[in-house]
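Trainee: Structure of the sequence below:
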Amino acid sequence: MEDGSESAEGKYSRSYFVELVDQVHKEEDIADLITFYGTLSSDQLELTLPSLCLLAEKCPESLEKRMMDLVFSTLIDANSSRSARKAAISCLQTLTRGESLWCNFFTLAQCLEEPQFHILNPVLPRLDLVLQSIYSNLLAFKWAKVLFIRALAHSNGWIRLWALEKLLAVKPIFMASDEDLLFSVLLKHLDSNDPFWRLLERQKLKSFVKALTDLFEGIFLVLDDASRGDFMRKTIRSASEISSPSSLFFISEALKAVNPSRCLSLEDFPSLIALARKTRHIQHTTMRLSTMFNYVLFFSKALESSCEAVNELGILTAFFSREDPCLLNSFIDMKTSQDMLRTVVEPVDMVELALHSHRNLQKDDFAVLLWTRARLSELTSLDHDLAQLIHGYVLLRCAVTAASETECYVILTVYMGLLKRLKYSFKPIADLALTLISEKGIPLTRETLLVRVLDDIYETLTSNEKDDVAQKFARYIGGNALSPLQRTMIMTDSSDCKDVNKLASALQQYRLSLVLKCRLPTVFQKNADDVVKECIDCLECASAYPVAECYLDIAGLVIEKVSYPQTLLAMLAAAFNAMNEERKSQYFLPALRRTLSLCLKKFAVAHSDATQFVLEKCSELLQLAHLNTPVALLISQCLLDACRLNPLCEDWANIVFDVAVFGPIPKKEQKVLNAAYDMIYEQRVNEFNDIHRPFEVVQRTRLNGICIALRLCKDDAKFAKHLVQHLITEINSLNKSSSRSFGLSLAHRQNTRAVALLLLIADFVQDEDVIDVVFSECVDWIVDPCQQFSIKLLLEWVLVRLALRSPQLKQRVIDLEKLFVVKRIGSVTSWINIMVLMSRSEEQEESLPIYIEMVLPWATAQNFAVRCTAIAALRLLYNRLPHEKLSEWKLLRKVVEFDGEPSGNSKRIIENLLADFYFAHLHPTQHFDMQTILVEIPAKTGMPFEETIAVELLKKFNLSEVSSINGDSRFLSAQSLVYSALSKSSRCAPDMNDGPDVDSMQLEGSSLVQRKLITKERNVQEDCSIIVVASLVDKPNNLGGLCRTCEIFGVDELVIADPIFVSDVGFKALSLSSEKKQKIDYVRPERLLSYLEEMRSKGYTVIAAEQTTDSIFLHKFNFPKKVRKFLETNFPLQRGGVW
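Mentor: The predicted structure follows:
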């Protein structure tokens, strides 16, 4: 806003406020003006900021606090502009009069206005100094609050995360004094996935949650008893305002571990009920229930110990106990819960309490907790006479029930469950139900309840009782057992049409379920084609999915007997139509499972038309699976079940491959969700049946696909041939991707998975032509310079496994040496790796000299990587030679024991190779197992956890003959210091400078700007000069970077061979226009010697810089000096292209 511009009200301007300040001189006038400023809105106050600095100069010491309050309100205003905050900082500098105490605050406050991370990172440690001043009572905590608010408003997410971590580390006594900072600032910024994803990247999520627990615990300790209740209520209300599901969970995890005093009463129940209802919006079941459990546990710890409070506790536990009874058992078994349930202020008759408490048992665990309280109070157990009384009472209730919603719940859940615990016979109830449902005019609600009771108890009957019930049920249902219910059949009172349809659908569901259980002859002894056609017709008009599911199950039992292929195709199409209708409902996955199970029946896969139809549908579903990963898991499970019973033809090879390499790149939300599930299953048994756990779902899908591929390849050589051919085609397609050279790109991930599959199934390929293609393609893939180690190491292993199949293939692998040299000299390292692996597979030690002789010449190679790899390989081979043969290898001993290079890259790399898990320990046959291929190699070549398959999954779900586990502890404990890096994949999380050291930036006063180094302004001794000669460097990119370096360090002159380099695009890309300021001369290589002699005659000292085994680091070299007033020159000569 320009000077003189009007405010929102059109009344004030900046010049107006400047004139006001100019007119005040007395302390009373200054005080009145400050009071006036305090009445202005935030927009109006921003207009005063230029004049505020002038007012600060006139402000007496007695009014400084009021002025600082104005500055503080501006700095914490979320809507204040950057210029306004800078003006406020200037005003504060004037008020503090340059006190050194404020230096760190001003430096960090100014830096926080800069968006560039590299400017801010060096000064982050100054926050610790500001906090130390606050802890020493030298500064008010509100100034730290300013820094936290500005940092949390920063555009860089890593700065925001740093601020959150630092905020949690503040002493609790200061956080307790400013609850607004905790509830309005901290928890607000935790209401998204972003901070938790960044914590995962830095591997600090668990420590962050623990720090949040410690902060709440610390605040509780410093508060007095009167304030703890208010703080607890604010905590629950603030949690209720959070909308991110992951944030709700992680905060609940932090609060669960807090041990507050009992400071809440019955009046606080509504607040927690509101929070529990908020958690119902979490769509992931296990995460939702765990979050509810955590909050209820936290609340119960703070609830007052009274019978009234304990009586209401069941309302809270009912939020999670209905879906997961195990959580209720966990809650009851906790000591804090038991202490509360034992609470009895005065003697209580539990039976009388139960009879006089009118409870909604559908939404209340009062009865369960009452039973627990009786057990904890050591009351007598239930006697036999009372058990008989209960049995008779249940029978009576079933006979006279009006089947209201509450009665249905009580009978089905409470009474039936109680009778099962008492182990009483259900035959009297079954006979009663069959008698009542056969009556004419029975109300729909009552008939539905009784048929459901009959369905629930059928499996508890004896075989004779089942036969009797089946005969009576057949008479009840009549001849058209599969026909939909007709409206004329329904006798009901005046009920809403929607409720009638719902009840009719439920009644039909339980009738069909009993048809399945009873195996009624009127259905299953009919012609199979007629039954399937009837199911098709009924599927089209099924009122709800549970009804359609019953029809699918009935069709699945008779479809093997169908005579006409057209009937089969019609049934499959009807099944997929029923599944598609549930695409957006909770029944989609169950519908998918039923449909695929039906489609993969032996009779179905035997028909080519049906197979093609199902293949097309599976391809479509796998496309959908990239958005809904449980779809892929269900497909893989159904395929695995099918191939265990019926071999699938080679047409399924493409689908099997897609399943075996399945897995999209996980998004940030999925990573956070998986971290939440990891926390959940640290405290509960993992049954591996949670379809909402993203990484586990993908890993199980891939493992199922691999098991399917191994089983089918073993049983059918034709399938193996087709699968390998398709695999090679897909890998070649991935290698054409523009992102394949980037670590963790989709192409890289899928390529790694595909090559792992190739390694596992290559042994089953028998076709010589296909083996030849596999061999040739592996060689081409290895010499590709863009290949990541996670792919290259597996390809080397594939070639070794092929070499072990026959002497001809072994010789062919040995002969690859020349091919690798021609195609790419660096790929000879892979050939040496292969030789080392092949030598380990040799049973006789007499074969070792052959490998030594092949590798030995490469110990003199000019290529650095090849030379280091060869020396490391020779050391391994030499150590394996028999002791009596060592005297024959004196020259080799000199090579492997040479230690003339005490330090340097080559020594370090060789030592790393000698300790590497792959190069030094991997055995191509003994370590051929799932863990090595699918866990160890990916994990130790830079792949993230989601790209491996957890060992627990391998132990439980690996159904192939390939061993699941690697038992070699030396191999498993070996590190990967050579192959662990990913090319073109920088670490996402930056290194935060949040340590105790203060930044090393040299700041003049309190100004903080990013300045370019101007070398001409430096003080340079008159007798000093430096010229860099790079005439032997012929790469424009290198020269461009060198030119930039020379310009930064003030080199007097850069000498290159030809001016054409300066106009090269590669030169300009790295020089960053430094050639415009750097003096450059041109000397061609043939004139170089005469030029050097000329410079030497002028007093220059010629120094050659080259990396050799005895090189000295440039910064450690003592350059020679002239005594006379000759120019001293440090002159590095570039030789051999190494700088």
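
Trainee: Identify each buried residue in the helix or strand hosting Ala318, please.
Mentor: Ala318 belongs to helix 307-321 when assigned by DSSP states H and E. Going by neighbour count (16 or more other Cβ atoms under 10 Å), the buried part of helix 307-321 is 309-321. (Glycine included, C-beta is placed from N, CA and C.)

Trainee: Tell me which helix or strand comes right after it.
Mentor: Following helix 307-321 in sequence, per DSSP H and E, is helix 325-333.

Trainee: What's the first helix or strand after that next one?
Mentor: Later in the chain than helix 325-333, the nearest helix or strand by DSSP H and E is helix 335-341.

Trainee: can you give me the offset of that next one from its chain's centre?
Mentor: Relative to the chain's own centre, helix 335-341 is displaced by 36 Å; criterion: Cα atoms, centre = their mean, to the nearest Å.

Trainee: so for that helix, what's the average pLDDT?
Mentor: Averaging pLDDT along helix 335-341 gives 74.

Trainee: where do the strands sit along the protein?
Mentor: Assigned by DSSP state E, the chain shows strands spanning 1024-1025, 1027-1029, 1053-1056, 1080-1082, 1102-1105, 1128-1129, 1131-1134.

Trainee: and the ones you listed, which is most packed in?
Mentor: When the strands of the chain are scored by mean count of other Cβ atoms under 10 Å, the highest mean neighbour count falls to strand 1027-1029 (a mean of 22).

Trainee: buried stuff in stretch 440-449?
Mentor: Ile442, Pro443, Leu444, Thr445, Arg446, Glu447, Thr448, Leu449.

Trainee: I'd say the third one and Leu503 touch.
Mentor: Yes. A contact is recorded between Leu444 and Leu503 when judged using Cβ atoms under 8 Å, the distance being 5.0 Å.

Trainee: Show me the shaky parts of the stretch 901-1050 of the chain.
Mentor: 901-904, 984-988, 993-1023 (pLDDT under 70).

Trainee: Ala915: neighbouring residues, count only.
Mentor: Neighbour count of Ala915, defined by other Cβ atoms under 10 Å: 15.

Trainee: tell me the contacts of it?
Mentor: Ala974, Gln975, Leu977 (Cβ atoms under 8 Å, 6 or more residues apart in numbering).

Trainee: Would you mind confirming that the last one makes contact with Asn912?
Mentor: Yes. At 4.0 Å, Leu977 and Asn912 qualify as touching, with contact defined as Cβ under 8 Å.

Trainee: Got the phi and psi for Asn137?
Mentor: The phi/psi pair for Asn137 (degrees, to the nearest 10) reads phi 60, psi 30.

Trainee: Can you get me a residue count around it?
Mentor: 8.

Trainee: pLDDT value on it, please?
Mentor: Looking at Asn137, its pLDDT reads 92.

Trainee: Return the distance of it relative to Ile173.
Mentor: The gap separating Asn137 from Ile173 is 12 Å, by Cβ to Cβ, to the nearest Å.

Trainee: coming back round to it: of all the strands of the chain, which one is nearest Lys894?
Mentor: With Cβ to Cβ, the closest approach to Lys894 among the strands of the chain belongs to strand 1102-1105: 29.6 Å.

Trainee: of the buried residues of stretch 440-449, closest to Thr413?
Mentor: Leu449 (12.2 Å).

Trainee: so what's the closest one up against?
Mentor: If you count contacts by Cβ under 8 Å, 6+ apart, then Leu449 has Thr401, Ala403, Glu407, Cys408, Ile411, Leu412 around it.

Trainee: do the same with Leu856
Mentor: Ala870, Leu874, Leu892, Val895.

Trainee: One more pass at 7 Å, please.
Mentor: Leu856 makes contacts with Leu874, Leu892, as judged by Cβ atoms under 7 Å, 6 or more residues apart in numbering.
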